[in-house]
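[1] Return atomic coordinates for the entry below.
(chains A, B and C)
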Amino acid sequence: MSTTTQEVGFVSPKTGARWIPVIGLEVHCQLKTWTKLFCGCRNEFGAPPNSLTCPVCTAQPGALPVLNREALDLALRTAIALGAEVAPRSKFDRKNYFYCDLPKGYQISQYDQPYCKGGGITLASGKRVRLTRIHLEEDAGKAIHDRGTTTLVDLNRAGVPLIESVSEADMQSSQEAGEYLDALKELLQYVGASDCDMEKGSLRCDVNISVHPPDEPWRTKVELKNLNSFKNVQAAIEFEIRRQVEAYESGDAAQRPVQETRLFDAVAGVTRSMRRKEDAHDYRYFPEPDLPPITIASEMLERQRALLPELPAARRERYQKSFGLSAYDAGVLTADRALADFFETVVRLSSKPKEAANLITNQLLRNLKDPELPASSIDELPFRAHDIAVLIQLIESGAISGQAGGKVLRAMFQTGQSPKDLVASLGLEQVNDSAALEGWCREALVGKDKIIADVKAGKTKAVGALVGPVMKASKGSANPQVVQEILLRLISEGP
Amino acid sequence: MSRALPIQDACAQAAAFRRGESSAEQNVRDAFDRIDALDGSLNAFAVLERERALALAAAIDRDRANGIAAGALAGVPVALKANMCWEGVEAHCGSRILAGYRPPYTATFVRRLLDAGAIPLGMTNMDEFAMGSSGENSAFGIARNPWDKSRTPGGSSSGSAAAVASGMVALALGSDTGGSVRQPAAFCGIAGFKPTYGRVSRYGLIAFGSSLDQVSPFARSVRDIELAMHVISGVDSFDSTTAQLPPLEADPSDADLKGLRIGLPREYFPNGLSDSVRAVLEAAKQKLAALGAELVEVSLPHTPYAIPTYYVVATAEASSNLARYDGIRYGKRVEGDGTLQGMFAATRAAGFGAEVQRRILLGTYVLSSGYYDAWYNRALRVRRLLRQDFDLAFEKVDLIVGPTTPTPAFRIGEKTSDPVAMYLSDVMTAPTSLAGLPGISIPCGFVEESGASLPLGMQIIGPALGDTRVLRAARVFEAATDHHARRPDLKPLEHARA
Amino acid sequence: MSDSKITPAAAPSGEADVLHIARLARLAIDPAHSRQVAAQFARILEEFKTLTTLDVEGVEPMTRPTDSTDVLRDDRERPSLTVEDALANAPARVENFFSVPKTIGGEA
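    Purely as a prediction, here's the structure:
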C-alpha cells in the first residue's frame, strides 16, 4: 500500500506529529430489481407502510425464500465492472439476531462463500483502492423511533436485495473516501445495478478507521455508523481522525481508542460511542438450508459481461481520443450515463463532436439546472437528440448565429417545438445580407475613433468590442463572423 | 351409534363419489359424526372447521351436478396437522405462542388437496412445533392411541395418526422430521410415508428442521398413500428445495417381490428387542421371502450416531426457524420489562413449552461461537457418513427393511421424566430423515402387552427418489397380509353426545 | 465460523453458560428453574458426547440431503398481501405499522 505523495496523513495541530489514517468502507447498495430478493413483492421506495409485503418477507410461519435471478445478474455485472473475481460456487448463510425490523430473526446473507472477491476502484486522483469482497444479502425493514410512544415497524423494505461491498483499508483521508464513494456510485449507476441514492436509502455506508504513526503497526479500528450523506461520511472521518489522534497523544490509557461502534451526530458534528452492550453479537452463522448453492459458469459470466455498458473511464478515454474532447469535457459528459448516451446520439447524427460537446456541456446542462425550465434531467427533455443535431447544423451552416442558437435551445425547453419551427417563429434567421449588416456596422462605428485608430494601427482584435452592439442591433440574428469582416472592411476603407 | 364402522379407504370414497353413489356433504357429515363420537376420548383434532368443510362439500357437489370433472380426491374428507397453513384456519402448532394464529395464505400442498376436491375437516393435534414423539408436548391436551387409550399414538403427528386409525378420516397429512409420521403410523397400525426430501413442497408447512421436514400422508392402505402423494407432490416455485420433478406416479404392478433384493440392517435388529417383537419381525421377514424377495444382511455402521446427529442438526435449524416467534407480527406477546429485548424473552418464555425451550437452547448452543465446529459442523459431517452408509448398502440391495420402532406404543407418562429416553425412540427413523431418503411404515403384526393387542410397524426405506419402488413393495406386502385390515375396538372410546 | 478454543468434549459448566445461551436465544429462564434446566442440558450433551469423538477426517459437512443448485425465479411481481392481511395477526398495531416497545436505534 503506497503512502507516497506529498502530504499523506494528518498533522496533529497539538504536537505537529504526523499520523496515518487507515480507512476502509463497507457500502450497502440496494439493487434496482423490480421485485425483492427472495419474494415477488415490488422493490419500491416510498410506498404506504406495509403495502409491499407477503408471507415470505413478513416471515409468516411456513414461508420460504426463492432467489431473484435479476438480483444475481446485477450483482454479477457489478463484480465484472469492479474487476472482482466471481466465485464458481457460492451459498447463502443465516445471520441470526433479534431486532424488530428483522422479521425472521435472521438475515439471509453470505458469510464464508461470498459471490465475489477482490477487484477495486480507481479514485479520481488515480489511486487504486482494493475491494476485499462483495456479497448478496436481504435488507431489513424500517423501524421508526420518533413517532409516538412506541417504535413503529414497516416491512416494505424487508427483503430488498443488497450488495455489501467491503473495501480494503486502503484509504487515508476523508477526501479519498469521498472519491471512493463517488466512483462506486458512478460505476453502479452506469451498470444499472443501483441508484446509489443515500437520501432514499439505496446506498448506506459504514466506516472502519484507525490511525497510526508512520512506519508503525496499525492500531485499533473503530466502526462509524449512521452516516447518511457523502458529506457526513467525510465529516465523520475528519472528526474521528482528530479524536483518535488526540486520544493517543493525551497519553491517558483510559482514553485509548477501543474496538467499538460509534454513531455520527450530524448536528453536533461528532461521533459518539454506542451504549456498551452486555454481549457482543454472536451471529451463529450457518448455511441456509432453504436455498441451494449458486454455481456460476463462465458462459453465464460472459453473458453478463456482454450486457455491461461501456464503463465511465473507458468512455472518457474514447471521447478524448476519438472526438478530441478535453478531459474536462469528457468528464462532464460521462458523469451521467443518460447524458453520455444522449451526447453520442447527437454526435452520430451530426458528426460534430466538438460542437455537440460544447452545446451540451454549456447551454444544455445550464438549462437543466434552471428552475424556471421544466426539465431537470436528460430523461425529462421535451425534445430529442435529433433536434439538437439539427440545431447544431443550423448554427454551423450559418443559418443562425450561436447566440440565436442559445435562444432557440431555451425555447425548445419551454415548448418542445423543433428548432426550425422556432427559428421561423422567433425570427432568428441569421442575417448575412451585407447591405443590412453594413448599415448596422456603419452605425456602430460612429464615434468610435479610438477603436478605428487601434485597428488601423494593427490591433485588429480591437474591433471585437464593436461586434456586440451590432449583434444587439440585429437582435442577435447577425452572423458575428461576417459582422467582424464588414467592420474591418469598413474601417480599412474609411478615413 | 357407530358411524365408527370401518369406512372405505380414500380411493374407494373417491370412486364412489365419481360414480354418483355418494355426496361430498354426506361424507363430511358422517365424518363429523364419527369425530363427535370419538374425539372426546382421543383428542385427535385441535381445530374443527365444520362450516368451512360443509361449504367446500356443497361446492364440490354443485360442481359434479354441473358436469365439472371431479378431482382425484373429490368428496373425500381429510385432516391436516396443526402446523399446516390453510388460509384463515387456526394453525397453532400445538403451541401457546401461536394460539389463535390464522395464516394469511394457504400452503401449496393444501392448495393441491383442495384443487383435487379433498375436504379438510380441521387441524389435528400435535407435539408443539413437531418436537416430540408422543403428543405429550402439546399445549392443547394429549391425543390418545385408539388401540389403547392409556398409550400414546406416537408423535409428533399424534392427532393425524389417531384420526386415521380410529376411522374418523381415511386420509390425514402429517409432517415427518425424524420419524414424526412413521413412528405414529407404527404405533397406530396404519401406513405413514415420508417421501424423499424435496418430493413435496414445504411452502406452508410451519418449519421445524428445514433440511429434514417433509409433508407425509397417513392412510390405512398404501393405495391411498399413493393417491395422496400423486396429488400433493411435485416441484413448487415457492419452495427452492423441491426436486425438479412432476407429481409422483405409482407403479401399478401388483404381482410379487421377485427380483427385489431387500437389505436387513443388523443395527436395526438390536439385542434389546423383546421376544414378541422379534417374533413379529421374523414373520414379516418370512412373508417378504415368500413373496419372492431376496433377503440380505447389510450394515449401517454409523447408526449409533444417528440420534445425536439428528438432535444437533434439527435443533440448530429449529433454534433459527423459531426465532421469528417474537410477539411482533403474530402470536402471543408478553410485555416483560417493557424493553424490546425484554419483550422477546418474556414472550418466548411464556409461549414455548419446556421441550421446545430445551431444543432451542440446544440448537443455539451448537451454533454458538466456539462450539460450531465441535458440534454443528461435526454433526453435518457425521450426517454425510450416515448417508454414505445407505448409499453403500443400496449398491447391494434395492430396499432396506427393519422395524419402525423397537417397541409398540408406550404409555402416556412413561418417558416424560427423561427427555433423552424420548429421543432414543427415534433411533430407527432418524437416519432416513438425515439422509433425505423415502421411508414408509406399514403394519406388520401385533404384540400383546398388558392384555392389549398393540400394532407393530415395519419400515421400508428406499434410495433417494425411490419413492415409487418403496410404495409398490409396501402395497404388495400389505396385500399379502391382513394386519392393515384389523381395527381397534372403538367401543371404549365412544361416548354419547348430550 | 469457528474457533475451536473449547475442546470438543467440554459441555457448558453450569447455570452461567446456560443463562448465556438463553440470552442469545431470547428465552427468559425462571431463576427458580435454572438449575434444573442446566442439569437437563448437561445430561443431553453428555448423552450426545459420542458424536464428538468419532473420526470424521476428510468428510465434508452435509447441510442438505440433496445436490440441487441454482434454483432461481424471474424478477416478476407476485401479488402482495393487503395491508389488513399483513397486520391481521399482529398483537400490537398503530395505524398501518407493527408496534413494539420503544427502542433507540440499532440492534439493542
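
[2] any weak-confidence spans in the chain?
    No chain in the question, so chain A it is. The model of chain A has pLDDT under 70 over residues A:1-7, A:275-280, A:434, A:495.

[3] not what I meant, chain B
    Along chain B, the model assigns pLDDT under 70 to residues B:1-6, B:495-498.

[4] excluding its backbone neighbours, what's nearest whatever residue of it ends up closest to chain A?
    Closest to chain A within chain B is residue B:323: 2.5 Å, counting by Cβ to the nearest Cβ. (Each C-beta comes from the backbone N, C-alpha and C, glycine too.) Nearest residue to residue B:323 in three dimensions, chain neighbours excluded: residue A:105, at 2.5 Å (Cβ to Cβ, 6 or more residues apart in numbering or on different chains).

[5] coming back round to it: got the contact list for the residue of chain B closest to chain A?
    Taking Cβ atoms under 8 Å, 6 or more residues apart in numbering or on different chains as the contact definition, residue B:323 lies against A:96, A:98, A:104-106, C:25-26.

[6] ok so, going back, count of residues packed around the residue nearest to residue B:323?
    23 (other Cβ atoms under 10 Å in any protein chain shown).

[7] Ok, the one 10 residues further on next?
    Summarising burial for residue A:115: neighbours were counted as other Cβ under 10 Å, giving 24.

[8] cool, and residue A:266?
    Residue A:266, neighbours per other Cβ under 10 Å, totals 15.

[9] you'd agree it is up against residue A:235?
    Yes: between residue A:266 and residue A:235 a contact is recorded at 7.4 Å, counting by Cβ atoms under 8 Å.

[10] so what sits against both of those two?
    With Cβ under 8 Å, 6+ apart as the test, residue A:266 and residue A:235 reach no residue in common.

[11] Quick one: end-to-end length of stretch A:154-167, please.
    31 Å (Cα to Cα, to the nearest Å).

[12] show me where pLDDT drops low in chain C?
    The model of chain C has pLDDT under 70 over residues C:1-13, C:104-108.

[13] Longest helix in it, please.
    As assigned by DSSP state H, the longest helix anywhere in chain C is helix C:34-47.

[14] now the helix or strand following that one: how far from the chain's centre is it?
    Using DSSP states H and E, the helix or strand that follows helix C:34-47 in sequence is strand C:72-73. Chain-centre distance of strand C:72-73: 27 Å, with Cα atoms, centre = their mean, to the nearest Å.

[15] Packing partners of strand C:72-73?
    Other elements packing on strand C:72-73 under the criterion 3 or more Cβ pairs under 8 Å, 6 or more residues apart in numbering or on different chains; DSSP states H and E are strand A:67-68, helix A:69-81.

[16] if we can go back for a sec, grab the two from the contacts of residue B:323 that are most spread out in space.
    A:104 and C:25 (14.6 Å; Cβ to Cβ).

[17] hmm, back to that, the longest helix of chain C: which residues count as buried?
    Within helix C:34-47, the residues that qualify as buried are C:34, C:37-38, C:40-42, C:44-45, C:47, counting by 16 or more other Cβ atoms under 10 Å in any protein chain shown.

[18] on that earlier part again, the residue of chain B closest to chain A falls within a helix, correct?
    Yes: counting by DSSP: H, G, I helix; E, B strand; the rest coil, residue B:323 is found in a helix.

[19] Could you report the neighbour count for residue 84?
    In the absence of a named chain, this looks at chain A. Neighbour count of residue A:84, defined by other Cβ under 10 Å: 22.

[20] My question was about chain C, not that one.
    Residue C:84 is flanked by 10 other residues according to other Cβ under 10 Å.

[21] Could you say which helix or strand holds it?
    Going by DSSP H and E, residue C:84 is part of helix C:83-87.

[22] packing partners for that helix?
    With contacts defined as 3+ Cβ pairs under 8 Å, 6+ apart, there are no secondary structure elements packing on helix C:83-87.

[23] Look through chain A and tell me its longest helix.
    Max-length helix for chain A by DSSP H is helix A:230-249.

[24] Can you name the next helix or strand after that one?
    Using DSSP H and E, the helix or strand that follows helix A:230-249 in sequence is strand A:261-265.

[25] Tell me the strands beside that following strand, with direction?
    Strand pairing for strand A:261-265, using DSSP bridges, gives strand A:222-227 (parallel), strand A:270-273 (antiparallel).

[26] most tightly surrounded among the ones you listed?
    Of all the strands paired with strand A:261-265, strand A:222-227 has the most neighbours on average by mean count of other Cβ atoms under 10 Å in any protein chain shown, namely a mean of 20.

[27] how far does that strand sit from the chain's center?
    22 Å.

[28] can you check stretch B:306-315 too?
    With Cα atoms, centre = their mean, you get 18 Å for stretch B:306-315.

[29] hmm, back to that, out of the helices and strands packed on strand C:72-73, the one nearest chain B is which?
    Ranking these by proximity to chain B (Cβ to the nearest Cβ) places strand A:67-68 first, at 6.9 Å.

[30] so residue B:87 makes contact with residue B:106?
    Yes: the criterion here is Cβ under 8 Å, and residue B:87 meets it with residue B:106 at 4.5 Å.

[31] Looking at these two, which has the bigger crowd around it?
    Taking other Cβ under 10 Å, residue B:87 and residue B:106 do not tie; residue B:106 has more neighbours (21 against 15).

[32] Enumerate every residue touching the more buried one.
    Applying Cβ under 8 Å, 6+ apart, the residues near residue B:106 are B:85-87, B:114, B:204.

[33] Does it lie in a helix or a strand, and which?
    Short version, using DSSP H and E: residue B:106 is in no helix or strand.

[34] And it, how close does it get to residue B:330?
    Distance, residue B:106 to residue B:330, by Cβ to Cβ, to the nearest Å: 16 Å.

[35] Once you drop chain neighbours, what's closest to residue A:415?
    residue A:422 (7.2 Å).

[36] same thing with residue B:79?
    Nearest non-adjacent residue to residue B:79, counting by Cβ to Cβ, 6+ apart: residue B:172, 3.9 Å away.

[37] I'd like to know how many residues surround the residue in chain C that chain A sits nearest to.
    Relative to chain A, the nearest point of chain C is residue C:78 (2.7 Å; Cβ to the nearest Cβ). Around residue C:78 there are 16 other residues, counting by other Cβ under 10 Å.
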